[in-house]
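[1] Any chance you could fold what I've pasted below:
(2 chains)
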Amino acid sequence: MAATTAVALSAALALTACGGSSSGSAQGAAPGKPTVTSLTLGALQDVTSWDPAQAGVGNALQPYQIAYDSLLLREPDGKLSPMLATAWKYNDTKTVLTVDLRTDVTFSDGAKFDAEAAKANIDHFKKANGPQMSQLASVSEAKVVDADTVELGLKAPDPALEYYLSQAAGLMGSPKALETEAIKTESVGSGPYVMDKASTVKNSQAVFNAREGYWNKDLQKFSKVSYKVLTDITARTNALVSGQVDAAILDPKTGKQAEGARMKLESNQVDWQGLILFDRDGTKNPALKDVRVRQAINYAFDRKTILDQVLLGQGTPTSQPFGKDSGAWLDELENRYPYDPAKAKALLKEAGYESGVVLDVPLVPAFETQINVLKQQLADVGISLNAVGWSGPSFPSDVAAQKYTSMYFSLFQGEPWVAINQLASTRAFYNPFKNTTPELQAKIDAVQKGGGDSAKLAQEVNRYVVEEAWFAPLFRINQMYYHNDKVNVTPQIQQAVPSIYNYSPAK
Amino acid sequence: MIPFILKRLGSGVIVLVTVSALTFFLLHASSGSIARNILGDQATPEQVALKEAQLGLDQPVIVRYGTWIADTLRGDLGSSWFTSEPVAASLSTRIPVTMVMVFTAMILIAIMATLVGVAAAVKRGWVDRTVQVGAVIGDSIPGFVIGIFLVTAVAIQLQIFPATSTISPGAGADAWVLSLTLPVVALLINGVTGGAQQIRSAVIKQLERDYVRTLRSRGIGEKEILFKHVLRSAAPAGLTVLSLQLVNMLGGVVILESIFALPGMGPLAVTATAQNDQPVVMGVVMYTVAVVIVVNLLVDLANGWLNPKVRAS
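    All right, here's what the predicted structure looks like:
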């Protein structure tokens, strides 16, 4: 049976290779081909474009890894390893990163990977206006030193640059294809798999076949990888339970059904949920200017009970916005604000808000239950939570336009410098009122210039925003990633959805 | 007949243009900063401005609508703002899925509803009562509930059909049959009960008319009366019900396609509307309006063919 499948599959592969591209048609069934297995992933959404410069983070990065190699490879534990780059080194001022490159890699259209190609990708990424364009904001230029060396010149030190080169900014596409229209709908990378355009339907599924002669057989564990878009969580659960997909991300409620069908859970914590108190200078809501009011809000929540009720206990209560794996996490901040309504009331009284505080949050549909629970607990200490309208997909522009003084949300806990630029710096999206103090700015500057110590220095930023109660974090939530017994999956640190390299056939 | 068709087509075009203008301006009014939404929360203000210029959003809405009309007349529906895929291409892969599902369901509903409806009208008694009760139950259970039940019972427990679609561009007929059976059954359960009820009433009404008595008094057989005269006169009512059901069905299909992850028009419409993906929403709206216009035209033509009085009016 297995042999028949193997023959059928390799025949299919050879046929696709002949019909698809000119390269590799002669070596259809070469010995040492990858184990004959296929992997089907259930995904939340399709990519916006197969242009690598339009790649996202987390689950929006995974599909690109099927077709594109990146300069650095991020291991499941977060360590950075060589991939298309063999070595990389900063100068003393941390303003020039010299990157050595592989010389034996070609793209699926036959173009060669070299320093020129790397430069073309960096330049393209910087001007393609993709969602992660800020990943290369600190890079002023990419310079070709020789065929296998490229130098990145930085405007200012960027402790996250190496991390970014393992993410969207590090994905390398064929220089011949980068500026074309075609790359938007068909990937052209040097990665382990090549798109089967004929079987691919936008927003429904993308199909990839193993690439003949791929330079790193260790990363190419399947003969075929399909990426099935299942936006609806019920459909995703049904597809997983009935064996149509091998792995998918679910939630605590649908997870019960998957567990009933003996699916395996790989759970890790990637996001925190809670209130972001945007208006710390009291521009629109004067009460929020007082740190005692912000702390009172933090003391008002019985985090454990909310977690048990709303997310069936899938998470860990916390008072800090930085993640456990980030290096900025501090044990002593974990329970900095225990449930203490009496203390909350006392703080409000001290601040002169005994008669009450009104807090407006947008009614984000995904968090309606949470907001209702919060409303009740805040009312107990004399704070009225007012859920106002939600404008759906235009929320990024509304946040940027300072429409909300606070909001309940789920936020990514990334690398410290990434998290700082998401939450705390004056250019952070989730700091729309651009609040800062000289003290905080000094701590942030220290992280930026900290080099290898930057994660440790970020602990001070964490301590500052927790003591100043910039947020009211409630818990880190468990990401519920399920898979069947045909594949092994290793969870990836700080990612809800593992990197493509973390899957392997079970046998 | 030809002037009739031309007149209907003319009014169809007017409806299309009106709906397109209304949709375009409403989308514009609710679009907020679409560029920021496309780029996400990491984008800088400069990036947002650049994106707006790329999408032509820095131009007045009237100019943009004019451009859209001109492009559409040339057969260019533009590309999705979020997925870069040409709208015409996404419609062309998705329309067949939805249409095969809807028309299969329609044909089966027409046949089954007529059989059941006529049986109820002629036999009355317990057959009639069963149909009446069935209609109430069929009407009160939403299609998506039936869909979820079918997935759980037939696809996951019994593993007879796939839980989600296996249709891909190169898929064979078996994939289409396997993927569409459960959604079509869900549509049928809703459609047949409602349709049968309407046809039953129409047939009963005809059976009580004077001409039936006259025909009977002339000694013409019941079968001939039923199939040659009564059904013909009852047909317009039945056809109208069916055309209304089809329009309703286009709504129900959206949810069923999501449950079964079918690559049809439904999920495309939902995603595009939620994201305010203007080129795609415009394409979906134009397609839906066109289907409704064509179906109504076909129903009118069929009515005219069955009943000459309609043609004259």
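
[2] C-alpha from now on. contacts and neighbour counts both.
    Fine.

[3] and the residue of the stretch 51-200 of chain B found nearest chain A, how many neighbours does it have?
    Going by CA to the nearest CA, chain A is nearest to B:Thr83 of the stretch 51-200 of chain B, at 4.0 Å. Applying other CA atoms under 10 Å in any protein chain shown, we find 20 other residues in the vicinity of B:Thr83.

[4] Find me whatever residue is spatially closest to it, sequence neighbours aside.
    In this structure, B:Thr83 finds its nearest non-sequential neighbour in A:Thr48, 4.0 Å apart by CA to CA, 6 or more residues apart in numbering or on different chains.

[5] do A:Lys449 as well
    A:Pro157 (6.1 Å).

[6] For the one you found, which residues are in contact?
    A:Pro157 sits next to A:Thr93, A:Lys94, A:Thr95, A:Ser138, A:Gln448, A:Lys449 when contact means CA atoms under 8 Å, 6 or more residues apart in numbering or on different chains.

[7] how about 10 Å then?
    A:90, A:93-97, A:138-139, A:445, A:447-451 (CA atoms under 10 Å, 6 or more residues apart in numbering or on different chains).

[8] For the stretch 151-300 of chain B, give me the ranges with low pLDDT.
    Along the stretch 151-300 of chain B, no part satisfies pLDDT under 70.

[9] sorry, back to before: where's the dip in pLDDT among the contacts of A:Pro157?
    For these, the weakest pLDDT value sits at A:Gly451, with 84.

[10] and the residue of the stretch 1-150 of chain A at minimum distance from chain B, helix, strand or coil?
    Nearest residue of the stretch 1-150 of chain A to chain B (CA to the nearest CA) works out as A:Thr48 at 4.0 Å. Following DSSP: H, G, I helix; E, B strand; the rest coil, the label given to A:Thr48 is coil.

[11] ok, now how distant is it from A:Val245?
    Distance of A:Thr48 to A:Val245, given as CA to CA, to the nearest Å: 22 Å.

[12] Show me the helices in chain B, by range?
    Assigned helices in chain B, in chain order: B:2-29, B:34-39, B:45-55, B:61-73, B:87-123, B:125-140, B:143-150, B:173-207, B:210-217, B:222-224, B:231-259, B:265-275, B:278-306, B:308-312 (criterion: DSSP state H).

[13] and among these, the most buried is which?
    The highest average neighbour count among the helices of chain B, using mean count of other CA atoms under 10 Å in any protein chain shown, belongs to helix B:34-39 at a mean of 24.

[14] model confidence over that one, on average?
    Here the average pLDDT along helix B:34-39 is 82.

[15] now do stretch A:478-492
    94.

[16] Also stretch A:180-200?
    The pLDDT scores in stretch A:180-200 average 93.

[17] Repeat that for stretch A:417-433.
    Stretch A:417-433 comes out with an average pLDDT of 93.

[18] ok, now stretch B:86-103?
    90.

[19] Next: stretch A:341-351.
    96.

[20] can you list contacts of it?
    With CA under 10 Å, 6+ apart, stretch A:341-351 has contacts from A:287, A:290-302, A:337, A:352-357, A:377-378, A:380-383.

[21] Show me the shaky parts of the stretch 1-150 of chain B.
    Using pLDDT under 70, the flagged stretches of the stretch 1-150 of chain B are B:32.

[22] Tell me which residue in the stretch 201-313 of chain B sits closest to chain A.
    Of all residues in the stretch 201-313 of chain B, B:Ile259 sits closest to chain A, at 5.2 Å by CA to the nearest CA.

[23] In contact with the spatially most central residue of chain A: list those residues for me.
    The centroid of chain A falls nearest to A:Gly58 when counting by CA atoms, centre = their mean (2.8 Å). A:Gly58 makes contact with A:Gln167, A:Ala168, A:Val270, A:Phe412, A:Gln492, A:Gln494, A:Gln495, A:Ala496, A:Val497, A:Pro498, A:Ser499 under the criterion CA under 10 Å, 6+ apart.

[24] Same check on A:Ala168?
    Per CA under 10 Å, 6+ apart, neighbours of A:Ala168: A:52-58, A:60-62, A:64-65, A:70, A:125, A:130-133, A:135-136.

[25] Now do the phi/psi pair for it.
    phi -50, psi -40 (degrees, to the nearest 10).

[26] again, but for the one 3 residues further on
    According to degrees, to the nearest 10, the main-chain angles of A:Leu171 amount to phi -70, psi 130.

[27] can you list the weak-confidence ranges in the stretch 201-350 of chain A?
    For the stretch 201-350 of chain A, no range has pLDDT under 70.

[28] for B:Val116, what are its contacts?
    Shown in contact with B:Val116 (CA under 10 Å, 6+ apart): B:Val127, B:Asp128, B:Val131, B:Val192, B:Thr193, B:Gly195, B:Ala196, B:Gln197, B:Ile199, B:Arg200.

[29] The first one is in contact with B:Ala119, isn't it?
    If I follow you right, that is B:Val127. Yes: at 7.3 Å, B:Val127 and B:Ala119 qualify as touching, with contact defined as CA atoms under 10 Å.

[30] just the helices in the stretch 51-200 of chain A please.
    Taking DSSP state H, counting those that start in this stretch as the criterion, the stretch 51-200 of chain A carries its helices at A:62-67, A:115-127, A:161-164.

[31] tell me the most buried of these?
    Scoring the helices of the stretch 51-200 of chain A by mean neighbour count under mean count of other CA under 10 Å gives helix A:62-67 as the most buried, with a mean of 26.

[32] ok, that one near chain B or not?
    No: judged by CA under 10 Å from any CA of the partner chain, helix A:62-67 and chain B are separated, with a smallest distance of 14.0 Å.

[33] Can you list the helices and strands that that helix packs against?
    Helices and strands touching helix A:62-67, as assessed by 3 or more CA pairs under 10 Å, 6 or more residues apart in numbering or on different chains; DSSP states H and E, comprise strand A:38-43, strand A:193-195, strand A:205-210, strand A:224-229.

[34] how close does the residue most central in space within chain B sit to B:Ile199?
    The residue lying closest to the centre of chain B (CA atoms, centre = their mean) is B:Leu250, at 3.0 Å. Shown here: B:Leu250 relative to B:Ile199, a distance of 21 Å by CA to CA.
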